[in-house]
Each structure stands twice: as C-alpha cells, then as structure tokens.
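Novice: Fold the stuff below for me.
(chains A, B, C and D)
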Number of protein chains: 4
Amino acid sequence: MSSCFCKSEAQKVKLDDKYLNLEDPNHPANLICELCRLFYDNNWVTGTGGGISIRDVKGANPNVVYIAPSGIQKERLQPWEMFVVDRRNEQLLRTPNECPEELTKKYKYKPSACTPLFMSCYTLRDAGACIHTHSQNAVMTTLLYEDKVEFSMSHIEQIKALPRLAINPETKVVEKVGSMDYHDTLVIPIIENTPYEEDLTDSLQEAIKNYPGTTAVLVRRHGIYVWGEDVWKAKVYNEALDYLLELAVKMKLAGIPLVRGTSE
Amino acid sequence: MSSCFCKSEAQKVKLDDKYLNLEDPNHPANLICELCRLFYDNNWVTGTGGGISIRDVKGANPNVVYIAPSGIQKERLQPWEMFVVDRRNEQLLRTPNECPEELTKKYKYKPSACTPLFMSCYTLRDAGACIHTHSQNAVMTTLLYEDKVEFSMSHIEQIKALPRLAINPETKVVEKVGSMDYHDTLVIPIIENTPYEEDLTDSLQEAIKNYPGTTAVLVRRHGIYVWGEDVWKAKVYNEALDYLLELAVKMKLAGIPLVRGTSE
Amino acid sequence: MSSCFCKSEAQKVKLDDKYLNLEDPNHPANLICELCRLFYDNNWVTGTGGGISIRDVKGANPNVVYIAPSGIQKERLQPWEMFVVDRRNEQLLRTPNECPEELTKKYKYKPSACTPLFMSCYTLRDAGACIHTHSQNAVMTTLLYEDKVEFSMSHIEQIKALPRLAINPETKVVEKVGSMDYHDTLVIPIIENTPYEEDLTDSLQEAIKNYPGTTAVLVRRHGIYVWGEDVWKAKVYNEALDYLLELAVKMKLAGIPLVRGTSE
Amino acid sequence: MSSCFCKSEAQKVKLDDKYLNLEDPNHPANLICELCRLFYDNNWVTGTGGGISIRDVKGANPNVVYIAPSGIQKERLQPWEMFVVDRRNEQLLRTPNECPEELTKKYKYKPSACTPLFMSCYTLRDAGACIHTHSQNAVMTTLLYEDKVEFSMSHIEQIKALPRLAINPETKVVEKVGSMDYHDTLVIPIIENTPYEEDLTDSLQEAIKNYPGTTAVLVRRHGIYVWGEDVWKAKVYNEALDYLLELAVKMKLAGIPLVRGTSE
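Specialist: You can find the predicted model right below:
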C-alpha cells in the first residue's frame, strides 16, 4: 500500500462515492485522516495502534459510522480507505476493498478490531465520535495503580474541560448536564486487557454502564477509549484526559496525592 | 463550528469589519491565531484551556483589546472569532456572534472567562498583551511548593530575559527600568485556584499590587498569567518563565536548591 | 555539501539514472530521504548517526539495495546521494560520486559503515528494509540492564505490533507466521558495542542466528538495528519497539517489572 | 519589529546589499535564520537567548563573520537583520540599522553580547561557525556536577560524532586529526557564569587554550558554546553534544556512571 496517494490522484481516477467528499475538510473521512496525523505526532497511535471513528451526526443519515481499517499506519491514512457501518444494525455500508485498485494497490483491508468497542460507545452513550489511543501516559497510569480498578484525580483546573454526565431520571439515558468543576473528583474506570481487542467489549460495556459519569475507559497495559457528543468534543476530552494522565504520572512519581486531601 | 475556515473563505463572504485586517499578519486578531497555534504545540492551551489577549497598542485606538472566545480549540481559532473590548470601560466593541453565519456555522460565542483577569493586567500594569497557559511546568511547580505563596529562583542565565520593574516614585506607576540580572532572585507570587476563573480576579489583582516587580502570577493547580509591554515582550517573558519553571521542576526533583546558597 | 538541493535543481541538471526516479515518492531512494527526516525529528539519527537501507523488493531486480552514505546529516539527504549495492555479491551498482558535481559540490561520499550490518539482515533474514537508530530509549535500556544479554518485556498491548517468527522446519528459513500476542514475552538480544561499526557484524549475525524469533538487535551504549519484510513493516516494527523501550525505561525507573509476574 | 517580513517584501524594497543574497539558501545570513528556527524548536534559543554566528569560509573574503543582533526572537530572524564583522580587526562591515526602515520598522539593533565569545572561537580555533545555546541538558549537567570543572563521558557511540583535535607540534595550532573513538573519554570544560555575557570572554579563552582537545565549552547555569570547521560541522557537533548531555542527565539521575569503570 502506498504512503503517498494524494487528493489529486484520487481525483484522476474519478472517485465517485456517496460516502466520501474529498472537497470538504470537515467530512468524517477527511477528519479521521487529519486527526490521525495529529495523534501520530503525539505518540498516541504509534506503529498502526489506536485510531478514531466518527459518526456522521450532521449528515443526512446520522447512523452512518466511519472507521479506519485494521493494521494501517494511521498518519498515512487516506479518506477512501475507510469502512462505513450503520450504527443500528452494524451492517457494512462501504468497504475500501471496492476502491479502484490504482488507489489501494490491491491491499486487502480488514475492519479495525476496535469496531465492536467503538460501536458500544455509539450504542450505549449515543456518542458522535470515539478515540482509542495507546498513550504512554494512560499505560503508565494503569501500571502505577496496578491494584486499582479506578483512576481518580481532583483539584486540577484541566478537569473542567470534561463533561458532567448524569442519568436522566425519566429516560434513564446518560446526558451531559454541564462541565465538571475544579473541585470535583474525576473518576475513570480501568478494565483489564485481553489477548484480543474485541474481547474487551464486555468489560468496556460493563464499565460504561457502571460509571455513568465517565466519558472514557482506561485499559490496563494498553491505552484508553474516549468518546464525546461529536468529533470535536471527543478530541477535546481526549486531550484534556491525556494532559491529566501525564500530570498524574508526574505527581505520583513525585509523591504528590492525586486526590487532594487523601494519601492517593 | 468548523475547524477549517480559511482566509479565502472569509474573503468570499466579503468580511468587512473595522476591527479585522486579514491581510496584515501583525494585526492583533491574526497574531492571536498564530500564537495560539504555537502555544498548542507547546501543550500550553490543551483542550480549549488558556489563551492570549492583545491590546492594539500601535493601532488608532490603543484602548482596543482583542480576546478569544471561551471554550474554543485554540489551535483552530480564526481572526473573525474575536471579541473586542474597550479597556477603559470594558464596553464590548465587537462580538463574533455578528459574523456572517457561513463563517461561524451559527456557533454561539461567549467571552472568555479570563476576560476580567486580562483586563486587570491592562488596567493595573498598562500591559500590551496578556497570556494565560495551563503549562504543566507551572502546575507542577505549584504542586512541588504547595506550602509556598511565592516561587523563587536565582543564578540561571535565562532570568536575564525577564524585565526589571520598579515603582516610579513620582507617578507611583510600575515601570520597566531594565532587565533582571543573572544573580537576581526571580520571585513570582502563587495564588490559590478558585472554582470559577473569574473569581481569581481579586487575588490576581492583589498579587499584582503586592509584587510590583513581577510580570506574572502563578495559579496553584491551574497555570500561569504572564503579561508584557506588547505582544512580543509578553511572548518572550512567557517563554523564558516556562523554561525556568521546566528547569525548576527538574532541579527540585534532583534535590538542587532553586535559590543558590539556600536549601530551597 | 549543500543542505538545500531540491528536486527542481536535480531536474535542471537532467539527472538521468536508472537507479533513481524523482517523480515516484515510493521509490526507495525517495523513501530513504522521507523517513530519515522523520527519524531526525524523533532524535533517532542525531548528528549524522543511524539511517535506513531499503531493498527494492517490488522493483525489477529485488536484489538491489539502497544505502545512504556515511557521515551525512540524515535529515538533509537527497535521493541522488545513495549508494546502490547488489545483495547477492555486494557489488557496487551505483555511487553518488558519479553524480553531476552541481548536485554534490564535489563532496566525496563513502559507503555507510553500517553496510555489512544491513547486508547481514538482507542475507540472513531476507529483509526488505533495515533501520539503525541511536535512540536514547535503546541506549538507556542497555545501560539500565548492563548485566543482561537480553531485553525482555511482556503484557503490553504494543507488543502485538511485532511479528511472530518461526523456523520453517522444512526449509530451515525464519518466516513470519503471524503477530505476537499480548501475553507473549518479547525478547531482543543485546550485543556489546565495538570501536568500529563494521566489527559488530559477527556478533550481530550470531544474535540473528541465536534468536530466530527476533526482528531486532540492541547494541549496548549505541542503539538498535531493526528489520522487516518491507520498508513499511520495518518502520512499524521500529516504532513499536521504540515505544516499548521508552516505556521500559519509565517502568524500570518506577520499579515496575518489565515481565509481569517476575521481579525483572 | 515585525514577525512576518518575507523575502518578497524584501525584494519589493529592492534590498541591494553585497553582504546578502536572498536567493541562495546556503548564504550565511540565510543559514543563520534557518538554523535558528531549528534551534528554537529544540528549546535551545528560547526567549531571545542563544544563537549562531557563521564565518563565510567559502565566500570571497573568508574573514567576513555574520552575527545575529542582541535580544531578537531567534525563530523570527530575517537575513537583513545581521551584523557583519571582519574577523581580523573586529571592524563592523554592516549593521542592520542601515536597512530600509520598511523592513525593520525603525527597530534599533544592537550587536549580540556573544560577539566577543564568537570572535574568540574564530581567532583561537579558526572556527567556521559558532553556536551558543541555553540547552536545559547543558544547564542541568552543570548543576548535577556543580563541584566539577569538567564534564567527562565515555563509551557511548555518539561520542564518535565529535572531532579528535590535536596541537600540530610544528605550527602549534589545534587541528582536526580525525574523529573520537567509542572508548575515548570526552572532556568538556565547565566555566563559571558571569553577570554580563561579554565578561565570559577571558574564562572562555582560557578554557579553549587549556583544553586543546575540546570543540565546546559549558557555562555553568547558562548553556554551552560549540564551534566547528564550518556551519554544518558546528551543527553536527552541537547536536551530538546535546544528545550526550541529555543522556548524561538521565544516566546521572539513574545512578549510572558517565565514565565506564569509574564511580563518576
């Protein structure tokens, strides 16, 4: 597979595909490519790991979900390499394997192993986008707290970038009711890693249900899953969380408690 | 809100606004965008936090102050998204909410919660620009010295990049009288964080008054405010301070006193 | 030697060379330049150290090997500065010293001292590309485990990015049979450094033979050699290994065993 | 002073100056700008500190020395902002204050306080370029070895990037006779900082004379001076030294001796 297909090449082969719009930089397939390059520079998707999925919440059919393929260098992704899935029934709407072979050099794409995990966030939380990284800050946090099943932190300004979530007593649905406060204690569940990524699905879903206030799940010795109402919220939540996890590692190693007033 | 408006789009909608000049890269609204991208790459304005405000000190009306809106990804700011305020009476001269909706996609902008803090620097110190970051070096310093209300450091060459300030005995105004010396002790006050950013105003103003020699205030578990005579001085002071705070954290963790000849 | 030759200059001097194709970004000579710039940004090839060699596995003659010259700033390499060697007999097919002097300013190029090491990977493992870095994560790992001749790590998700290799019982050749699992223990041999790079050849070859499961060899106080089936695999393996070595240094310094369930 | 003059602007004002050549990217005035941007990204010239001077060793008059002005943001330097000095008599050949005022906005430039230090390297060692950084790796090394007047390190591959220097017994001049070996002990003198940069001149000159084998001098709590036969050698030596100083700090903090087989 080539590292250097560019838009002009795609235009030369007259790529006509209702799930793509190369001209619109805010189209989900283009945003996935742009954000994966950013995440690569942050060491979050090193060596084909991690990724981002976007649901086309503002498109004609908001159940359409874009997912990058498995095992691809994320910083070199092209918009026509996406799988497209219907959120309601997980039906495959588009595969990059139907792309003109000039664009893919006959590479055989497989859907990301993260697919059932991303779908869990779409289904259980009505997410608009879902990010998965192998951030070393996330991995180190789960190692420094190897005996804990939760990460907790309080009294850091950056916590205010995260959403305050609550179960709507009438609909029983988790809804955003504002932002966290400076003195709130942020709690992120930590689940144990499994040999195969798809086997994380049950414990991820359980964590999502048990922690209605969380917008992320840490995976021990692996990384983090973060979701949000739309792609930009998910990006901001993930950035804020990674900032906090980076700080948490420094604080722990310096002997500073993460929750003010406790010994933790 | 879009991530990818570009100058050409703004020109297409014939943006005519006396507070903007898209052609001049040194216009305050353009510099705010340029510097926010730089600050984002430094992890100083992660996840919509922090920012910069510029007073148009060389413009027709030097009381005109440009401030980015609240809750926006700082690396994606566009010049037409600025609020403009008169320093004398805090009157709102321009809001991005009046922008053509093609440019803002009907996003409802709110003024930054930092506004009263930036205005304090403009009023009490006649600043030309004011920077607020969530720098982890600043946060870690306030955590490593949690029982201190001042940060002190001496005998590091980079201290010379900071201004020597003194009260003019006649006018009672703080003025720059030169640069700090290598053997001077740099002292930056640390104020306690508050749940709401605007509630920092009183303690920030108090610190500014009590420390006539400082060009910055640290906010515990939050970040730093830095100001200067103009945008470039503010940028240089903030860079030099962050360099010193980064070094201070390393020195403290290595057991090296920050003030030479003391145990601190 | 100039730092700023560009493609257009090369075209002006009508560079006609069957071992180059300036128009194809996926040509080995161009990829070496692109990847060396990336490696430079990662502090892997600082100050002329390290590099990458590519075998033209998809070209007309897959025995053709491209190697950057010795002592050159890797981020400033140009495609016409490559040596080209036949893998079978190590015959020199092209030297940059035959290039038009406008392009090289009469610089006298010497083949990289890594040449016999790269050739060992091509010969013993049928590699498609070979990377050598001076990564500080690699050097620190060999220093923190100065009494060990192997680096071992288990139960980190990123290990899954590395290949599972096994000796084919019939052909006796090492072949890729899949990817490593999360719970596998990654083992990379560490060889001792020698005064001259070429003197590493014997111990590198011995390590390659003794560790049929490895796709890399660490060199104490020096760096790492990594190879793969093609250039992209080699890049991904090297990235994944550097991520693991970075994490290993952090874990070791924090007192966390690298192999879960042991004291190591 | 503007941050955004560009070549086209300079061409508009018909800049005609025998000490500049905007078209040639390898001209000393252009290289100073290019390298200062690189150094800024490395946190080596933060907040106007540090810089680089180049002697036009391949030009018509190899005694012509280019030096950036004092107190300028190094990443925003423009080629026409340089001072030009004759190495033999330190006569000022060009000042940026004679530049068309459209280009400088009447900014009053002063020669860098590093000028006598750079000139010392040109005079005593016949250097072709001289770099001064405020690298935190350099500062931390001088702090971790506060009681030492020399930095020593051995048995790290990167040492081989540094030159082997020796006094020619006939001419008594220090000459490059090759490169350092892996098992050599690199020794860099450390001089004490002074309140004014120019007051470092005597001790820098003394260190240069007392350490004929060195191509650099560390300045305690300040940074490093590095020189080389030409601009690219100076760049490579500085990069290699910074790599070694970064590693030295990590090794010292991890309790690993810098000179193998000793307790240091």
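Novice: and the residue lying closest to A:Thr194 once chain neighbours are set aside, what does it touch?
Specialist: Distances taken as CB to CB, 6 or more residues apart in numbering or on different chains put A:Leu200 closest to A:Thr194, at 5.3 Å, once the chain neighbours are dropped. Backbone N, C-alpha and C define where each C-beta goes, glycine included. For A:Leu200, the contact set (CB atoms under 8 Å, 6 or more residues apart in numbering or on different chains) comprises A:117, A:191, A:193-194, A:219.
Novice: export those to JSON lines and tack on distance to B:Phe39?
Specialist: Below are those laid out as JSON lines (distance: CB to CB, whole Å):
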{"residue": "A:Leu117", "distance to B:Phe39": "33"}
{"residue": "A:Ile191", "distance to B:Phe39": "34"}
{"residue": "A:Asn193", "distance to B:Phe39": "35"}
{"residue": "A:Thr194", "distance to B:Phe39": "39"}
{"residue": "A:Val219", "distance to B:Phe39": "31"}
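Novice: Pull the most distant pair out of the residues you listed.
Specialist: Greatest spacing in these, by CB to CB: A:Leu117 and A:Asn193 (12.4 Å).
Novice: The residue nearest to A:Thr194 - that's part of a helix, no?
Specialist: Yes. If the criterion is DSSP: H, G, I helix; E, B strand; the rest coil, then A:Leu200 is within a helix.
Novice: Can you give me the pLDDT of it?
Specialist: A:Leu200 is assigned a predicted lDDT (pLDDT) of 95.
Novice: likewise A:Lys12?
Specialist: pLDDT, read off for A:Lys12, is 56.
Novice: just to revisit the earlier point, so can I have TSV of the contacts of A:Leu200 showing neighbour count, pLDDT and secondary structure?
Specialist: Shown next, in TSV, are the contacts of A:Leu200 (neighbours: other CB atoms under 10 Å in any protein chain shown; pLDDT from 0 to 100; DSSP: H, G, I helix; E, B strand; the rest coil):
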residue	neighbour count	pLDDT	secondary structure
A:Leu117	22	96	helix
A:Ile191	20	98	strand
A:Asn193	21	97	coil
A:Thr194	17	94	coil
A:Val219	26	98	strand
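Novice: now, which of those residues sits nearest D:Leu31?
Specialist: Nearest to D:Leu31 out of those is A:Val219 (CB to CB; 47.7 Å).
Novice: That closest one: what's it in contact with?
Specialist: Contacts of A:Val219 by CB under 8 Å, 6+ apart are A:138, A:142, A:190-193, A:200, A:204, A:225, C:157.
Novice: beta partners for it?
Specialist: In this entry, A:Val219 is beta-bridged to A:Ile191, A:Gly223, by DSSP bridges.
Novice: ChimeraX command for the buried members of the contacts of A:Val219?
Specialist: This is how ChimeraX selects the buried members of the contacts of A:Val219, with burial counted by 16 or more other CB atoms under 10 Å in any protein chain shown:
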select /A:138,142,190,191,193,200,204,225 /C:157
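Novice: Now A:Pro116: closest residue in space, sequence neighbours ignored.
Specialist: A:Thr201 (4.6 Å).
Novice: That neighbour touches A:Leu117, doesn't it?
Specialist: Yes. Counting by CB atoms under 8 Å, A:Leu117 is a contact partner of A:Thr201 at 6.0 Å.
Novice: Chain A: strands as residue ranges?
Specialist: A:51-55, A:64-67, A:83-86, A:92-94, A:129-133, A:150-154, A:163-167, A:174-179, A:185-191, A:216-219, A:223-228 (DSSP state E).
Novice: neighbouring contacts of the first one?
Specialist: Applying CB under 8 Å, 6+ apart, the contact partners of strand A:51-55 are A:28, A:31-32, A:35-36, A:39, A:45, A:62-68, A:74, A:87, A:112, A:114-115, A:118, A:122, A:127-132, A:231, A:234.
Novice: Separate out the buried members of these.
Specialist: Counted by 16+ other CB under 10 Å, the contacts of strand A:51-55 give A:28, A:31-32, A:35-36, A:39, A:45, A:63-68, A:74, A:87, A:112, A:114-115, A:118, A:122, A:127-132, A:231, A:234 as buried.
Novice: With D:Val226 as the reference, measure out to the residue most central in space within chain A.
Specialist: In chain A, the centroid-proximal residue (CA atoms, centre = their mean) is A:Ile131; its distance is 0.9 Å. Computed with CB to CB, to the nearest Å, the distance linking A:Ile131 and D:Val226 is 42 Å.
Novice: just A:Lys233 next, same as before
Specialist: 47 Å.
Novice: and the buried ones among the contacts of strand A:51-55 near chain B, which?
Specialist: A:Leu31 (CB under 8 Å from any CB of the partner chain).
Novice: So which of the buried ones among the contacts of strand A:51-55 sit within helices?
Specialist: Members of the buried ones among the contacts of strand A:51-55 lying in helices (criterion: DSSP state H): A:28, A:31-32, A:35-36, A:39, A:115, A:118, A:122, A:231, A:234.
Novice: low-confidence ranges in the stretch 101-250 of chain A?
Specialist: Regions of the stretch 101-250 of chain A meeting the criterion pLDDT under 70 are absent.
Novice: which bits of chain A sit near chain B?
Specialist: A:25-26, A:31, A:34, A:155-158, A:161, A:181-183, A:232, A:235-237, A:239-240, A:242-243, A:246-247, A:250-251, A:254, A:256.
Novice: A:Pro79 is in contact with A:Leu103, correct?
Specialist: No. Using CB under 8 Å, A:Leu103 makes no contact with A:Pro79, being 10.2 Å away.
Novice: more crowded one of the two?
Specialist: Neighbours were counted for A:Leu103 and for A:Pro79 using other CB atoms under 10 Å in any protein chain shown; A:Pro79 has more, 24 against 19.
Novice: returning to that earlier point: of the ones in helices among the buried ones among the contacts of strand A:51-55, which is the nearest to D:Thr262?
Specialist: Once CB to CB is applied, the member of these that ends up nearest D:Thr262 is A:Phe39, at 43.8 Å.
Novice: tell me the contacts of the residue lying closest to A:Arg37 once chain neighbours are set aside?
Specialist: Leaving aside its chain neighbours, A:Arg37 sits nearest to A:Glu75 (4.9 Å; criterion: CB to CB, 6+ apart). If you count contacts by CB under 8 Å, 6+ apart, A:Glu75 has them with A:36-37, A:40-41, A:45.
Novice: Thanks again, I'm all set now.
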